[in-house]
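# what would the 3D arrangement of this be:
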Amino acid sequence: MYSKRMDDWRERAGCRGMTTIFYSDQHRKCRSVCDSCPVIEQCIATSAEDEPDPFQLWGFRHGMTASERYRWRMMRVRLDSV
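Presented below is the predicted three-dimensional model:
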């Protein structure tokens, strides 16, 4: 369940109402939406909370495909352990 604070930024997200294309193969279109999104920082910051299992990533989120998010998260884990 999302907190009210999280819902506030989601209301301003560039992808709001575009769920269908973000779970499709239209990655270029998704990336262009994310590139101009006013809340991309908040989207990235909540990634770990929304997707706790790095092996169950789906769709296009915060400017990345599922495989790109997996690599990004694995890099963060390595950096955090240093």
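
# can you give me the offset of the helix or strand containing L79 from its chain's centre?
L79 is part of helix 66-80 when elements are defined by DSSP states H and E. Put simply, helix 66-80 sits 13 Å off its chain's centre (C-alpha atoms, centre = their mean, to the nearest Å).

# mind giving me the packing neighbours of that helix?
If contacts are counted by 3 or more C-beta pairs under 8 Å, 6 or more residues apart in numbering; DSSP states H and E, helix 66-80 sits against helix 47-50. Glycine gets a C-beta too; all of them are placed from N, C-alpha and C.

# that older thread, only the buried residues of the helix holding L79, if you could.
Buried residues in helix 66-80, counted by 16 or more other C-beta atoms under 10 Å: R69, Y70, W72, R73.

# any idea what the residue lying closest to the third one once chain neighbours are set aside is bridged to?
Nearest non-adjacent residue to W72, counting by C-beta to C-beta, 6 or more residues apart in numbering: M64, 6.4 Å away. Residues found in beta-bridge contact with M64 (criterion: DSSP bridges) are R61.

# report the separation between M64 and D8.
To D8, M64 is 23 Å away according to C-beta to C-beta, to the nearest Å.

# who has more neighbours, these two?
M64 (21 against 12; other C-beta atoms under 10 Å).

# just the pLDDT for the more buried one.
In this model, M64 is scored at 90, pLDDT.

# can I get the CA coordinates of stretch 13-32 in CSV?
Output of stretch 13-32 as CSV, limited to C-alpha atoms (Å, rounded to 0.1, in the frame of the first residue of the first chain):
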residue,chain,number,x,y,z
ALA,A,13,4.1,11.6,-13.1
GLY,A,14,4.5,11.9,-16.8
CYS,A,15,3.3,8.3,-17.3
ARG,A,16,0.1,8.7,-15.3
GLY,A,17,-2.6,6.9,-17.1
MET,A,18,-0.2,5.2,-19.5
THR,A,19,0.1,1.8,-17.8
THR,A,20,-0.5,-0.2,-21.0
ILE,A,21,2.5,1.1,-22.9
PHE,A,22,4.8,0.8,-19.9
TYR,A,23,4.1,-3.0,-19.8
SER,A,24,4.6,-3.4,-23.6
ASP,A,25,7.6,-3.4,-26.0
GLN,A,26,7.3,0.4,-26.7
HIS,A,27,10.5,1.2,-24.9
ARG,A,28,11.4,4.3,-27.0
LYS,A,29,8.1,5.9,-26.2
CYS,A,30,8.4,5.0,-22.5
ARG,A,31,11.9,6.4,-22.3
SER,A,32,10.8,9.7,-23.9
